[in-house]
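Chemist: Give the three-dimensional model of this entry:
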Amino acid sequence: MADMKELANLVKELEDQLVTCIRCGMCQSVCPLFEQTRKEADVARGKLALLTGLMENMFTDPDGVNERLNRCLLCGSCASNCPSGVNVVEIFIKARAILAEYKGLSPAKKLIFRQLLAHPGRFDAMVDWAGRFQGLFAKPDANAQGTSCARLVSPLLSHRHFMPLSPTPFHKILPGKGLTTRGSGPRVAFFTGCLIDKIFPGVAHASLKVLSHHNVGAVIPPGQGCCGIPSLASGDRDSFTRLVDHNLALFEKHDFDVLVTACATCTSTIKKLWPSVYKNPSPGMQKKLTALSEKTMDINQFLVDQVGIKPIETGLEDAEKEIVTYHDPCHLKKSLGVADQPRQVIRAAGCRLEEMAGSDKCCGMGGSFNIYHYDLSSAIGTLKEHNIEATGCATVSTGCPACMMQISDMLGKAGASIRVRHPMELYAQALEKKNLLNHP
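Modeler: Numbers count the residues shown, from 1 in each chain. Presented below is the predicted three-dimensional model:
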């Protein structure tokens, strides 16, 4: 049972943030979930009203409160359009933590978060093992997205076109002491992130190639763990804090100017949530978290704003260039305000950018939301798939590996021959075609 004094303090913190909501309903017009369900309880305003009496509701109906809080994508659409500046995502995450500490985690979540995810070496070994045997349960789809489907009837996988685990995760190619490359420009530390490491290692390889081409020195410490957002989204602040401690200890051994990531969610988590949701930080720890937050940037933003990425001359007329459309990850545009920089990278790669309708509307992934509410996730994702196809593009690009998974699923189910690529992959590919790569 959680310490009730600590819970009361957490509820007080929450109440201080809740008072700024004026119940205007602006969140209703931008909520992708409300667009599907038309239920007030699914809108931020409805959930915030519920949280106003959280301490009472937590005792009378903790399961009901928890269920309503978890019907949320944590996309931040409401927060980015809130005239009162209510930080809805942070409020919901703290509320989930309060409920998790009061109710306790389920045995399954304790196993996943505290016994696996919170121990990066153990988690890597488990995923490596799963990758060797995934062929028994999944078969490749013959499509442009590279997805797989389940060989057996499964409640979780039967309707999905999912991305398989990479045969060689990125951490497997790192030397024992990690990887350090030299350059005459700024020096960065590269935070890999789980999905890039284990499913999209090509994004990490492409990022290193692009950094090297621009004379940016990089350091990649070995043994990196998850940024912690899956644990935090389920209310497990203990596992989240353990992962922050683990990663922070790795990176503070190195000197660097900027911490870059190619994952929108990792960038947002490190910048916004590491300093604000870490459990009981000492003044010294808070200073470290704030300092790292201020040095963290999305890789597209870093290359455009600090390095000055150069367009690659292709010699093609605009009509001859590959048509690419871009999906704005919620955690990149809505949380961090990064939208133009990935588009500049795509254009610099020699592609013709064709904007889709609703490019910044949520794709419906939402992490665990996709697992628990796949019907709603798929309905939201289908709208995104229609908008992508309407552009006539050959490739859809996005800066979030979770969005890449969701969009690949939707395009795969639709039978569309459209590739899904990260902007770094497009730029590295263009460099390779022109023999411009400096191999680190």
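Chemist: Buried by neighbour count: which residues of stretch 33-44 qualify?
Modeler: Leu33, Phe34, Glu35, Gln36, Asp42, Val43, Ala44 (16 or more other CB atoms under 10 Å). For the C-beta atoms, the positions are set from N, CA and C on the backbone; glycine is no exception.
Chemist: Also stretch 99-110?
Modeler: Those would be Leu99, Ala100, Glu101, Tyr102, Lys103, Leu105, Lys109, for stretch 99-110 by 16+ other CB under 10 Å.
Chemist: Pick out the most distant pair among these.
Modeler: Taking CB to CB, the two most distant members of the buried residues of stretch 99-110 are Tyr102 and Lys109; they sit 14.5 Å apart.
Chemist: what about the helices in the stretch 151-300 of the chain?
Modeler: 194-198, 201-213, 229-233, 237-251, 264-268, 274-277, 283-295, 299-301 (DSSP state H, counting those that start in this stretch).
Chemist: could I get the ones you listed as JSON lines with mean neighbour count, distance to Glu425 and mean pLDDT?
Modeler: Formatted as JSON lines, those follow (neighbours: other CB atoms under 10 Å; distance: least, CB to CB, whole Å; pLDDT from 0 to 100):
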{"stretch": "helix 194-198", "mean neighbour count": "24", "distance to Glu425": "11", "mean pLDDT": "98"}
{"stretch": "helix 201-213", "mean neighbour count": "23", "distance to Glu425": "5", "mean pLDDT": "96"}
{"stretch": "helix 229-233", "mean neighbour count": "24", "distance to Glu425": "23", "mean pLDDT": "96"}
{"stretch": "helix 237-251", "mean neighbour count": "21", "distance to Glu425": "25", "mean pLDDT": "97"}
{"stretch": "helix 264-268", "mean neighbour count": "28", "distance to Glu425": "15", "mean pLDDT": "98"}
{"stretch": "helix 274-277", "mean neighbour count": "20", "distance to Glu425": "27", "mean pLDDT": "96"}
{"stretch": "helix 283-295", "mean neighbour count": "14", "distance to Glu425": "25", "mean pLDDT": "97"}
{"stretch": "helix 299-301", "mean neighbour count": "27", "distance to Glu425": "12", "mean pLDDT": "98"}
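Chemist: I'd like those laid out as JSON lines, including distance to Glu385.
Modeler: As requested, the helices of the stretch 151-300 of the chain are exported to JSON lines (distance: least, CB to CB, whole Å):
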{"stretch": "helix 194-198", "distance to Glu385": "20"}
{"stretch": "helix 201-213", "distance to Glu385": "21"}
{"stretch": "helix 229-233", "distance to Glu385": "24"}
{"stretch": "helix 237-251", "distance to Glu385": "32"}
{"stretch": "helix 264-268", "distance to Glu385": "19"}
{"stretch": "helix 274-277", "distance to Glu385": "33"}
{"stretch": "helix 283-295", "distance to Glu385": "34"}
{"stretch": "helix 299-301", "distance to Glu385": "23"}
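Chemist: Quick one: closest of these to Gly399.
Modeler: It is, among these and with distance given as CB to CB, helix 264-268, at 5.0 Å.
Chemist: How far off centre is that closest one?
Modeler: Centroid separation between helix 264-268 and its chain, computed with CA atoms, centre = their mean, to the nearest Å, is 5 Å.
Chemist: got it, and stretch 419-433?
Modeler: With CA atoms, centre = their mean, you get 20 Å for stretch 419-433.
Chemist: And for that stretch, what's in contact with it?
Modeler: 144-145, 200, 202-203, 205-207, 209-210, 213, 262, 299-300, 309, 312, 314, 324, 326, 342, 345-346, 348-351, 394-399, 401, 404, 407-408, 411, 437 (CB atoms under 8 Å, 6 or more residues apart in numbering).
Chemist: run the last query once more with 6 Å
Modeler: Stretch 419-433 is contacted by residues 144-145, 203, 206-207, 209-210, 213, 262, 300, 312, 342, 345-346, 349-350, 395-397, 404, 407-408, 437 when judged by CB atoms under 6 Å, 6 or more residues apart in numbering.
Chemist: Flag every buried residue along that stretch.
Modeler: 419-431.
Chemist: Does Cys227 touch Ser268 like I think?
Modeler: No. Contact between Cys227 and Ser268 fails when scored by CB atoms under 6 Å: they sit 9.0 Å apart.
Chemist: Of all the helices of the stretch 151-300 of the chain, which one is nearest Gly183?
Modeler: From those, taking CB to CB, the stretch that ends up closest is helix 201-213, at 6.9 Å.
Chemist: list the helices and strands the closest one packs on?
Modeler: Applying 3 or more CB pairs under 6 Å, 6 or more residues apart in numbering; DSSP states H and E, one finds that helix 201-213 contacts helix 423-433.
Chemist: what about the strands in the stretch 101-250 of the chain?
Modeler: 138-140, 148-150, 179-181, 187-191, 217-220 (DSSP state E, counting those that start in this stretch).
Chemist: Regarding Tyr326, what is its secondary structure?
Modeler: Of the three states, Tyr326 takes strand under DSSP: H, G, I helix; E, B strand; the rest coil.
Chemist: can I assume it is in contact with Val396?
Modeler: No. Contact status for Tyr326 versus Val396: not in contact, 7.4 Å apart, counting by CB under 6 Å.
Chemist: Look at Met1 and report its pLDDT.
Modeler: Met1 is assigned 46 on the pLDDT scale.
Chemist: and if you look at Val86?
Modeler: At Val86, the predicted lDDT confidence score is 89.
Chemist: which residues does it contact?
Modeler: So Val86 contacts Thr20, Cys21 (CB under 6 Å, 6+ apart).
Chemist: A helix includes it, no?
Modeler: No. The assignment for Val86, made by three-state DSSP, is coil rather than a helix.
Chemist: any idea how far Asp42 is from Asp305?
Modeler: 36 Å (CB to CB, to the nearest Å).
Chemist: scratch that, Leu73
Modeler: In terms of CB to CB, Leu73 sits 10 Å off from Asp42.
Chemist: next one: Glu15
Modeler: 22 Å.
Chemist: so what's Ile98 closest to, chain neighbours aside?
Modeler: Leu10 (5.0 Å; CB to CB, 6 or more residues apart in numbering).
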